[in-house]
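Peer 1: below are the sequence and a predicted model for it; my questions follow.
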Amino acid sequence: NSKVIQTPRYLVKGQGQKAKMRCIPEKGHPVVFWYQQNKNNEFKFLINFQNQEVLQQIDMTEKRFSAECPSNSPCSLEIQSSEAGDSALYLCASSRTGTGNTLYFGEGSRLIVV
Amino acid sequence: QQNVQQSPESLIVPEGARTSLNCTFSDSASQYFWWYRQHSGKAPKALMSIFSNGEKEEGRFTIHLNKASLHFSLHIRDSQPSDSALYLCAVSGSGTYQRFGTGTKLQVVP
């Protein structure tokens, strides 16, 4: 079973609604990633953190997505105003510091925007 | 911009067969290479990684890397029905996040 815990497993939102999902990384892993896996299995990197600081993020994330990894609380990814194209599986992964480290994924939060 | 492509898109093999999956990448500065496996409805899980040219074997799985050809592959010996899953390759460079291919769907039939 995955040691990265994501909640909720499913969420259904109307267009324009906020959608928020949470992630508890594996213990001892200071780096957290969010990826979007669409129905064609395309993995899109969204943002990553080391401890509470953003390391990298893509343009889309800057505009409609917000994310944080506060100290002693789950990390979160929030879509401010959901669009149909946001329907996807949102995967959280964690890793040790440094490049070249394996990602440990949660089972994802599946968002359906109706 | 890194482009990662996988082939074939899908594959059906009989139990006991040897299976070969391919991954090509576009950035010659890439340094780290992984294969992940994702069973239906489950989290992707790392199978193997390789960081230098050559071959690496772990159990029934072997990974080959040829950086000059911008290509690496995964070979599964004695394929089992439990190997049926989506296989994802991933590539990263120094200080960059992993970029994934769109996967090969493998089905192993008894």
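Peer 2: Structure's in. What do you need?
Peer 1: ramachandran angles for residue A:77?
Peer 2: Backbone torsions of residue A:77, given as degrees, to the nearest 10, read phi -130, psi 130.
Peer 1: and the nearest residue to it once chain neighbours are set aside, how many residues sit next to it?
Peer 2: Sequence neighbours aside, residue A:67 is the residue nearest to residue A:77 in space, at 4.7 Å (criterion: Cβ to Cβ, 6 or more residues apart in numbering or on different chains). No exception for glycine: its C-beta is placed from N, CA and C like everyone else's. Using other Cβ atoms under 10 Å in any protein chain shown, residue A:67 has 21 other residues around it.
Peer 1: isn't residue A:67 up against residue A:74?
Peer 2: No: judged on Cβ atoms under 8 Å, residue A:67 makes no contact with residue A:74 at a distance of 11.4 Å.
Peer 1: tell me, how many residues neighbour the residue lying closest to residue B:97 once chain neighbours are set aside?
Peer 2: Once flanking residues are discounted, residue B:97 sits nearest to residue A:45: 5.0 Å by Cβ to Cβ, 6+ apart. Using other Cβ under 10 Å, residue A:45 is surrounded by 18 other residues.
Peer 1: which of the three states applies to residue A:45?
Peer 2: strand (DSSP: H, G, I helix; E, B strand; the rest coil).
Peer 1: next: residue A:72.
Peer 2: Once three-state DSSP is applied, residue A:72 turns out coil.
Peer 1: tally up the residues packed near the residue nearest to residue B:31 when sequence neighbours are not counted, please.
Peer 2: Among residues not flanking residue B:31 along the chain, residue B:93 sits closest, at 5.3 Å (Cβ to Cβ, 6+ apart). Other residues lying near residue B:93 total 18 when counted by other Cβ under 10 Å.
Peer 1: is chain A contacted by the helix or strand where residue B:11 lies?
Peer 2: Assigned by DSSP states H and E, residue B:11 belongs to strand B:10-14. No: Strand B:10-14 lies out of reach of chain A by Cβ under 8 Å from any Cβ of the partner chain, never closer than 10.9 Å.
Peer 1: report all helices and strands that that strand contacts.
Peer 2: In this structure, strand B:10-14 packs against strand B:19-25, strand B:104-109, with contacts taken as 3 or more Cβ pairs under 8 Å, 6 or more residues apart in numbering or on different chains; DSSP states H and E.
Peer 1: residue closest to the middle of chain A?
Peer 2: Nearest to the mean C-alpha position of chain A, counting by Cα atoms, centre = their mean, stands residue A:34 at 3.3 Å.
Peer 1: list the contacts of it.
Peer 2: Contacts for residue A:34 (Cβ atoms under 8 Å, 6 or more residues apart in numbering or on different chains) come out as A:23, A:45, A:46, A:47, A:48, A:67, A:77, A:90, A:91, A:92.
Peer 1: who does it bridge with?
Peer 2: residue A:47, residue A:92 (DSSP bridges).
Peer 1: in chain A, which residue sits nearest chain B?
Peer 2: residue A:43 (3.7 Å; Cβ to the nearest Cβ).
Peer 1: setting aside sequence neighbours, what's the nearest residue to that residue?
Peer 2: Residue A:43's closest residue in space is residue B:100 (Cβ to Cβ, 6+ apart), at 3.7 Å.
Peer 1: what about the residue in chain B positioned nearest to chain A, neighbour count?
Peer 2: In chain B, the residue that lies nearest chain A is residue B:100 (3.7 Å; Cβ to the nearest Cβ). Residue B:100 has 24 neighbours, counted by other Cβ under 10 Å.
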